[in-house]
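Asks: here is my input; please provide its structure:
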Amino acid sequence: MVKRMNGAGGGGEPITPEGIAALREEIEQLEGPGRTEMAARIKTARELGDLKENAEYHIAKEDQAHLETKIKRLRERLRSAVVVEADGGAERFAFGRTAEVLDEGKGAVNTWTLVGSTEADLGAGRLSAESPIGQALLDAEPGKPVEVETPRGSRTFVIQRLVD
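Replies: A predicted model of the protein is given here:
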C-alpha cells in the first residue's frame, strides 16, 4: 500500500512507515530542543562581549544556519515522501519486507529489510532498494538464486525465507 505524504501524484522518495516516523521525530527534535539549545548557545556567546570579535558568537550563528538548513531539507523530504507499506501476504522480497538472504560466495546469511535510500544502513540490516543488490533482490522469490553484478564481480544471493 502506498500513501503519498503530499497528496500529489508523481514520484517521490519511497520510505517505510518506520522511516517516516523517524523522520518526523528528528524534525520534532531539531525544531524543539535543538532550536532551544541553539538559542541558549547564542545568548551565552553574545554575553561574552563585542560581537565583531566574538568567535563563539559567529560559530554559534553559523551552526544555527546549518540547523535551519537541515530542518528545511528534512521538511522537504517529508513533503515528498511516499510511504510504502510492506505487503505481508506477498511471497516475494518487496519494499519494506525483511528476509534472510544467503550470500553464496561468502556462505553468510544476512537479515535485510528493503528500504529507501535515505533509510539505508547496512550495519543495521536496512538495504537500499536502489542499490545494485537491492534492485536485483526486489520482488525475488525465496529459494531462487539471484545473480548480481557488483564492482567486485558477480555474486549470487538466495532469499532463504521472508521474515515478516
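
Asks: what about the longest strand anywhere in the chain, average pLDDT?
Replies: Secondary structure assigned by DSSP state E gives strand 153-162 as the longest strand of the chain. In this model, strand 153-162 has an average pLDDT of 93.

Asks: just the CA trace of that strand, in CSV.
Replies: Below are the C-alpha coordinates for strand 153-162, written out as CSV (Å, rounded to 0.1, in the frame of the first residue of the first chain):
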residue,chain,number,x,y,z
GLY,A,153,32.4,-9.2,-9.7
SER,A,154,29.3,-11.4,-9.9
ARG,A,155,27.7,-12.5,-6.7
THR,A,156,24.8,-14.9,-6.1
PHE,A,157,22.2,-14.4,-3.4
VAL,A,158,19.3,-16.7,-2.4
ILE,A,159,16.4,-15.5,-0.3
GLN,A,160,16.1,-18.3,2.3
ARG,A,161,12.9,-17.0,3.9
LEU,A,162,10.7,-14.0,4.3
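
Asks: which residues touch it?
Replies: Contact partners of strand 153-162, identified using CB atoms under 8 Å, 6 or more residues apart in numbering, comprise 91, 93, 97-105, 109, 133, 136-137, 140-148. Heads up, the C-betas are built off the backbone N, CA and C, glycines and all.

Asks: would you confirm that R77 contacts E119?
Replies: No: shown here, R77 and E119 do not form a contact pair, counting by CB atoms under 8 Å, at 10.7 Å.
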